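> With the sequence up front, the predicted model follows.
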Amino acid sequence: MRVFWDADFGEPGGPSRVEDEARIRSNLSAVRALIAWVSARGGVGKSALLANIAAVLALAGRKIAIVDADLNSPSIMPMLGMKAGRRGAIGDELEPAAGPLGLRIVSSEFLPEGDLPISFADIDEGPTLPQNGSRPKECSYLAAMRRLLGRTRFGAVDLIFVDLAPGTEQIYRMLKIAPQTKLLFSSHPSELSARATRAAIEIAQQFPDSVLGVIENMAGFNCDSCHRVRPLMPYGSLGAHAREVGIPVLERLPFDPRFAESCERGVIFVREYPQTPMGKQLVALAHAIDKAASNAQAGVATSA
Ligand SMILES: Nc1ncnc2c1ncn2[C@@H]1O[C@H](COP(=O)(O)OP(=O)(O)O)[C@@H](O)[C@H]1O
Ligand SMILES: [Mg+2]
């Protein structure tokens with residue numbers, strides 16, 4: 001029986017790669033939309049927002065899968081309160097973990113069952129570490145993402161959310177693997193983060209049909225003394241730039257310490273605090289994303 005990460009799986013033109021590409025097309029042909037979450041920098045709340053948006057839609061009856069493609073630093077399973085134990089693949093296929101609300105999760109965290117963790121990296125000229133047997137210690141990032149999308153038994157799902165690692169290079173990786181991908185950008189309003197996100201948006205404009213919109217996170221906080229929403233950090237001009245280039249700002253979310261705390265405990269915020277301003281905004285945002293994906297979805301079934 002072949003193992004999931006076999007030695008040649010990333011070889012250009014190699015049999016595994018050709019098969020992975022074919023399997024991605026077949027896997028995605030039944031999915032309404034594949035939405036990848038992009039952030040130019042880490043720590044802006046991308047994974048936490050994704051987990052909550054997926055939860056809102058699952059509560060509304062959508063069948064959702066999440067691919068945690070932040071391969072070296074996965075976080076979705078613990079955020080959803082799931083044990084991130086390692087699991088084996090079933091032959092050369094992967095069964096997603098059953099998460100809360102029927103969410104189906106696939107993560108590098110439960111791959112493989114081997115002794116050492118795999119390091120996912122851009123390998124141009126072959127691995128730099130000595131490889132042992134058929135299970136590599138170092139894997140091409142792109143090949144690994146291709147494998148996860150191609151070899152996972154998603155089953156009947158409406159939407160697949162992909163949590164990408166931070167960095168604009170992820171846009172290319174994702175669109176190379178699945179050109180029908182729709183992109184969501186998230187950023188917080190610091191000038192550094194906004195500047196990097198503006199650059200990412202410029203890049204994404206090469207693929208204008210792919211961008212669903214921008215979410216500004218941690219855009220303010222509720223001040224207990226003056227009872228107003230006050231800025232959390234100096235305000236970068238991300239929103240203005242997005243509007244200038246015709247990309248919708250889907251939501252501006254506040255900083256809410258209860259949100260961070262829910263994530264730490266692995267409890268779904270929108271379930272625990274649906275009546276808070278943040279909870280209500282997340283519900284509205286999830287439905288806006290669902291709608292935008294439906295409007296844009298014509299390409300998914302046909303271009304896969
Ligand atoms: N609006 C928010 N209010 C409070 N905490 C937040 C908010 N958004 C994100 N966080 C917290 O910030 C931290 C980083 O979020 P995370 O989703 O891991 O970022 P990323 O995936 O972009 O690296 C987490 O502890 C998360 O709970
Ligand atoms: Mg993350």
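Perfect, I can see it now. Residues are numbered from 1 along each chain as shown. Ligands and ions are numbered 1, 2, ... in the order given.
> can we go C-alpha only for contacts and neighbour counts from here?
Will do.
> do stretch 209-220 and ligand 1 meet at all?
Yes: against ligand 1, stretch 209-220 shows contacts by CA under 6 Å from any ligand atom at Asn217, Met218.
> What residues sit buried inside that stretch?
Ser210, Val211, Leu212, Gly213, Val214, Ile215, Glu216, Asn217, Met218, Ala219, Gly220 (16 or more other CA atoms under 10 Å).
> Including pLDDT, could those go into JSON lines?
Below are those laid out as JSON lines (pLDDT from 0 to 100):
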{"residue": "Ser210", "pLDDT": "92"}
{"residue": "Val211", "pLDDT": "93"}
{"residue": "Leu212", "pLDDT": "94"}
{"residue": "Gly213", "pLDDT": "93"}
{"residue": "Val214", "pLDDT": "92"}
{"residue": "Ile215", "pLDDT": "94"}
{"residue": "Glu216", "pLDDT": "91"}
{"residue": "Asn217", "pLDDT": "93"}
{"residue": "Met218", "pLDDT": "91"}
{"residue": "Ala219", "pLDDT": "88"}
{"residue": "Gly220", "pLDDT": "84"}
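> Tell me which entries of those lie within helices.
Using DSSP state H, no member of the buried residues of stretch 209-220 falls within helices.
> low-confidence ranges in the stretch 101-250 of the chain?
For the stretch 101-250 of the chain, the stretches with pLDDT under 70 are 110-117, 123-138, 234-236.
> what about the helices in it?
Taking DSSP state H, counting those that start in this stretch to define them, one finds helices in the stretch 101-250 of the chain at 141-151, 169-177, 191-204, 238-244.
> Quick one: closest of those helices to ligand 1.
helix 191-204 (10.7 Å; CA to the nearest ligand atom).
> can that closest one be found next to ligand 1?
No: legend: contact between helix 191-204 and ligand 1 by CA under 6 Å from any ligand atom is lacking; minimum distance shown is 10.7 Å.
> mind listing what's buried in that helix?
Of the residues in helix 191-204, those buried (16+ other CA under 10 Å) are Ser193, Ala194, Arg195, Ala196, Thr197, Arg198, Ala200, Ile201, Ala204.
> buried set for whichever helix or strand Ser294 is part of?
Using DSSP states H and E, Ser294 falls within helix 277-296. Across helix 277-296, burial judged by 16+ other CA under 10 Å covers 278-279, 281-286, 289-290, 292-293, 296.
> Mind putting the helices of the stretch 101-250 of the chain into a markdown table with distance to Glu264?
Below are the helices of the stretch 101-250 of the chain laid out as a markdown table (distance: least, CA to CA, whole Å):
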| stretch | distance to Glu264 |
| --- | --- |
| helix 141-151 | 26 |
| helix 169-177 | 26 |
| helix 191-204 | 23 |
| helix 238-244 | 28 |
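> State the number of residues packed around the nearest residue to Thr152 once chain neighbours are set aside.
Nearest residue to Thr152, sequence neighbours excluded (CA to CA, 6 or more residues apart in numbering): Leu94, at 4.6 Å. Around Leu94 there are 23 other residues, counting by other CA atoms under 10 Å.
> Surely Leu94 and Leu149 touch.
No: assessed by CA atoms under 8 Å, Leu94 is found out of contact with Leu149, at 9.8 Å.
> residues from the stretch 201-304 of the chain in reach of ligand 1?
Near ligand 1, when you scan the stretch 201-304 of the chain using CA under 6 Å from any ligand atom, you find Asn217, Met218, Leu253, Pro254, Phe255, Asp256, Pro257, Phe259, Ala260, Cys263.
> Identify the residues contacting the first one.
If a contact means CA atoms under 8 Å, 6 or more residues apart in numbering, then Asn217 has Val44, Gly45, Ser186, Ser187, His188, Pro189, Arg252, Leu253, Pro254, Phe255 as its contacts.
> can I get those in a markdown table with neighbour count?
Supplementary listing: the contacts of Asn217 in a markdown table, determined by neighbours: other CA atoms under 10 Å:
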| residue | neighbour count |
| --- | --- |
| Val44 | 20 |
| Gly45 | 17 |
| Ser186 | 29 |
| Ser187 | 31 |
| His188 | 30 |
| Pro189 | 26 |
| Arg252 | 22 |
| Leu253 | 21 |
| Pro254 | 22 |
| Phe255 | 20 |
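> Any figure for the gap between the nearest residue to Asp70 once chain neighbours are set aside and Ala199?
Leaving aside its sequence neighbours, Asp70 sits nearest to Ala165 (CA to CA, 6+ apart; 4.1 Å). As for Ala165, its distance to Ala199 is 16 Å (criterion: CA to CA, to the nearest Å).
> Got phi/psi on Val56?
phi -60, psi -50 (degrees, to the nearest 10).
> Can you give me the neighbour number for it?
25.
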